[in-house]
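S.K.: Structure, please.
(chains A and B)
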Number of protein chains: 2
Amino acid sequence: MDIEQHTTTVKDLNHNWVEAQYAVRGLVPATAAKIQEEIKSGKQYPFDSITELNIGNPQTFGQKPISFNRSVLAAMLDPSVLQHQSEDVQRRAKHYCDKIGFGVGAYSQSAGYPVVREALANFIQRRDGTAERPNINDILLTDGASAGITLMFNLLLKDNKDGVMIPIPQYPLYSAVITQCGAQQIPYYLVEEKGWSAEQSELEAQYEKAKQNGITPRILVCINPGNPTGQVFDKQSIVEMIQFASQKKIVIFADEVYQENIYVENKQFISFRKVALELNLNVEIYSFHSISKGITGECGLRGGYMEITTKIDQDVHFQIHKSKTVMLCPNAIGQLMAGLMVTPPTKEEGCSDLTIQQYNEECRSIFVSLQKRAAMVTQFLNETKGVSCQPIEGAMYAFPKIELPEKFIQFAKEQNKEPDVVYCLDLLNETGLVVVPGSGFLQYPGTYHFRMTILILPEERLLAKMKIFKEWHETHMSKFQ
Amino acid sequence: MDIEQHTTTVKDLNHNWVEAQYAVRGLVPATAAKIQEEIKSGKQYPFDSITELNIGNPQTFGQKPISFNRSVLAAMLDPSVLQHQSEDVQRRAKHYCDKIGFGVGAYSQSAGYPVVREALANFIQRRDGTAERPNINDILLTDGASAGITLMFNLLLKDNKDGVMIPIPQYPLYSAVITQCGAQQIPYYLVEEKGWSAEQSELEAQYEKAKQNGITPRILVCINPGNPTGQVFDKQSIVEMIQFASQKKIVIFADEVYQENIYVENKQFISFRKVALELNLNVEIYSFHSISKGITGECGLRGGYMEITTKIDQDVHFQIHKSKTVMLCPNAIGQLMAGLMVTPPTKEEGCSDLTIQQYNEECRSIFVSLQKRAAMVTQFLNETKGVSCQPIEGAMYAFPKIELPEKFIQFAKEQNKEPDVVYCLDLLNETGLVVVPGSGFLQYPGTYHFRMTILILPEERLLAKMKIFKEWHETHMSKFQ
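M.R.: Residues are numbered from 1 along each chain as shown, chains lettered A, B, ... in the order given. Down below sits the predicted model:
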């Protein structure tokens, strides 16, 4: 027994930080890591290894990085390899080298390399087809979208009466950082039966309820395409959210990290920025993007950006830039990857057909496979008894609803655990599949879900795992009927 | 005139974040950036370009990265270049590839790659010559030392009655993040005349004063070697600080990012960990290290680690790891560079004499030059009339004291500015040299300083800039006599 008196115990810590939970790397994944260790030391499980469906980490399953991008980065780190690269890679590497001055080993501007912010401004204008092109001072590079979102929450949320409207289900970064900031969550429920739609009436109702409780709604978080829910908002939904925010004087955080991941014919990505420009309302919108998702899938390199998409107060603008300086600068490789992500090799640049073709083929094959897997997972889940799943229109996840027998729910409550947590732990222990309980994302009271990624490769392996899931679910649930 | 009503103005922001200041990238550097732009558009200044002595950014001045390290990283990003690398680079790259599983494009564990944490544990044991080897669960990789320090402040500081004892002068990250956290600074003054020594009596006095003001001292920040002050603590100083912290039940943050940068014969780096193990007192010490300084100098790649050097409460340990998960993981390239920094190529690894010799030669030439420049700057400053500078024993900066004529001080106060800020702005406008006012680091009331890096290369250029400084200072000050 440890009888030593520690200087610091949990009661001495920042209460808000102790309270914060991040389910994607929470109890179930932690248990999975333990099991993996046990398997290594010879303990028997009914499976050989765990399958991490808890986190959107494409390259874990063998998704290949785009080789052009990687070759440029390698040359930036070690110019001696430049001579062995293609002319097109050499030209691009030289383009960046000419612009970034002292190379990747020096601190950059806190907001990031101007050459990358220029590329992003061009990309945003091209993507949205707008006459306006963003000012590069409105684009700030970050170590992943999470870093930008965290910065802005910390800056905007001033006390425990400030609230953030978050979609339920939500991505747990939001609940975690709101809790760390000591601010209040204001849930607005997406309607599952309508393909996880965001309803104006629900926004209004939750806004009023918060106000009555003495909370000031400050920020409206919109995740499009949805994480964990996979829906893609149509234009009308976005119009309504912007009008709502404008009327109520609430800032919008547009989490648009899955903008490339849209798999259905009848939907396309429409940015909040584009709609806001058309509506020409007085509203403040910050957009967040990342190199971790899309076709790029470079989670480990940690890159992303935030864009101030609308006109904001000059002094607030200054405070955002000033706050960025404290952390010096985002990492150079992630910055350059953000530039590469939005700057494919082209004829205009002088690239050969071979380079362009190879690049396009790599991108296409990643996209087509994701599209196929999204459809496959949707179908399989809906064919599983007691499971239903809205179409995975976008992003990288399924968020199926599971009907848990009353007996199972009782069984869980006797253990003082959320029923969906027990469900996910059982699934893990019996099949090695790691998924995240719906309660980590929050869900409509009395409903149960889990989140799983659609990222397993090759596709046949995903199919095999889905079969394992289906069989397990149907057998396991029947024990509780 | 902008008559539009903004949703968010500065009064709506987090007051603590608005208050926070980060001088290293503050007013003087911002003015410098403006001047640089003006020069580009043809405006005349008495110099051709600005010289950024404000920030410890070695590669801006042409310090070369260690080529072995860069070659390994290039191969990790683009395995197609592997065949063109030396066998030794190939072996090392394969070693990491075998261990990190899915490559640099995938998220790692939140605490960082185990293979790198193993390397760091070995390094720490070797450096300190201790029987004990750190547990890898006590080492957490970070995007630079700043990220680890910020995390731990956020977690440990629970309200506005908690205080942090910081050396004055201090590195402005500390004052900035303490302000952001809404906690209190408790200054303890280093004694300039004794080579910026930390005195036990001063620690005691400031501790008591804080207590009397209702503040609970929670953390004692020790920067060794000193930034901006350049002193290297001897063992006795470290013993006293640890004894003090143990008695008062205060946590120590040991900022040891300049541990490789010690230039004088009679001093060596002694880690707080090593001394704490010898003393065997009940004390909690966190050590922070970085790839940005030392010989590596890889600021742009953003890598570092924190080590929990002493036994802490298990639940606190859990909270630290949990808090790390919210930001997913540190960037892969920075992580690997941290491993490379502490793992030189050796015979045991199978490396050729050529590889080892080249590596050692590169390291040695960087170190010897830094050592020469530290001595050169110390000497030159002390030869300047009205300027005195303690010996630069370590780190990368000079922090000279400047005697400002009474007339100059009056002149500054009339402009409602700190005298040292006016001094630094004048220096910038007339010579292009960018240095940081001492007030940004805090200084003993009534004294004036600035911080400049010693990083200019080649050495002759540094000498030339020092001559410009000397002439400017003596001429400019004489105008106010």
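
S.K.: going forward, measure contacts between C-alpha atoms and count neighbours the same way
M.R.: Will do.

S.K.: Once you drop chain neighbours, what's closest to A:Leu141?
M.R.: Among residues not flanking A:Leu141 along the chain, A:Tyr305 sits closest, at 4.2 Å (C-alpha to C-alpha, 6 or more residues apart in numbering or on different chains).

S.K.: And for A:Lys324?
M.R.: Nearest to A:Lys324 is A:Ser110, by C-alpha to C-alpha, 6+ apart, at 5.9 Å.

S.K.: Can you get me a residue count around the one you found?
M.R.: The number of residues packed near A:Ser110 is 20, by other C-alpha atoms under 10 Å in any protein chain shown.

S.K.: and it, what pLDDT?
M.R.: In this model, A:Ser110 is scored at 93, pLDDT.

S.K.: and it, what is it in contact with?
M.R.: Counting by C-alpha atoms under 8 Å, 6 or more residues apart in numbering or on different chains, A:Ser110 touches A:His321, A:Lys324, A:Thr325, A:Met327, A:Leu328, A:Cys329, A:Pro330.

S.K.: Among those residues, which one has the most neighbours?
M.R.: Within these, A:Pro330 tops the neighbour count with 32 neighbours, counted by other C-alpha under 10 Å.

S.K.: tell me the secondary structure for that residue?
M.R.: coil (DSSP: H, G, I helix; E, B strand; the rest coil).

S.K.: ditto for A:Gln231
M.R.: Reduced to three states by three-state DSSP, A:Gln231 is coil.

S.K.: is it true that it touches A:Tyr397?
M.R.: No. Using C-alpha atoms under 8 Å as the test, A:Gln231 is too far from A:Tyr397 to be in contact (10.1 Å).

S.K.: Alpha carbons of the stretch of helix or strand A:Lys322 belongs to, as PDB, please.
M.R.: Taking DSSP states H and E as the criterion, A:Lys322 maps to helix A:314-326. This file holds the C-alpha atoms of helix A:314-326, laid out as PDB (Å, rounded to 0.1, in the frame of the first residue of the first chain):
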ATOM      1  CA  GLN A 314     -10.600  44.000 -36.000                       C
ATOM      2  CA  ASP A 315      -9.600  43.700 -32.300                       C
ATOM      3  CA  VAL A 316     -10.900  40.200 -32.100                       C
ATOM      4  CA  HIS A 317      -8.900  39.400 -35.300                       C
ATOM      5  CA  PHE A 318      -5.800  40.700 -33.500                       C
ATOM      6  CA  GLN A 319      -6.500  38.600 -30.400                       C
ATOM      7  CA  ILE A 320      -6.800  35.500 -32.500                       C
ATOM      8  CA  HIS A 321      -3.400  36.100 -34.200                       C
ATOM      9  CA  LYS A 322      -1.900  37.100 -30.800                       C
ATOM     10  CA  SER A 323      -3.100  33.900 -29.200                       C
ATOM     11  CA  LYS A 324      -1.600  31.800 -31.900                       C
ATOM     12  CA  THR A 325       1.800  33.300 -31.200                       C
ATOM     13  CA  VAL A 326       2.100  31.800 -27.700                       C
END
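
S.K.: For that helix, name the packing helices and strands.
M.R.: helix A:145-156 (3 or more C-alpha pairs under 8 Å, 6 or more residues apart in numbering or on different chains; DSSP states H and E).

S.K.: Show residues contacting the following helix or strand past the helix it packs on.
M.R.: The C-terminal neighbour of helix A:145-156 among helices and strands, as given by DSSP H and E, is strand A:162-168. With contact meaning C-alpha under 8 Å, 6+ apart, strand A:162-168 is reached by A:157, A:174, A:178, A:183-190, A:198, A:207, A:210, A:215-223, A:441-444.
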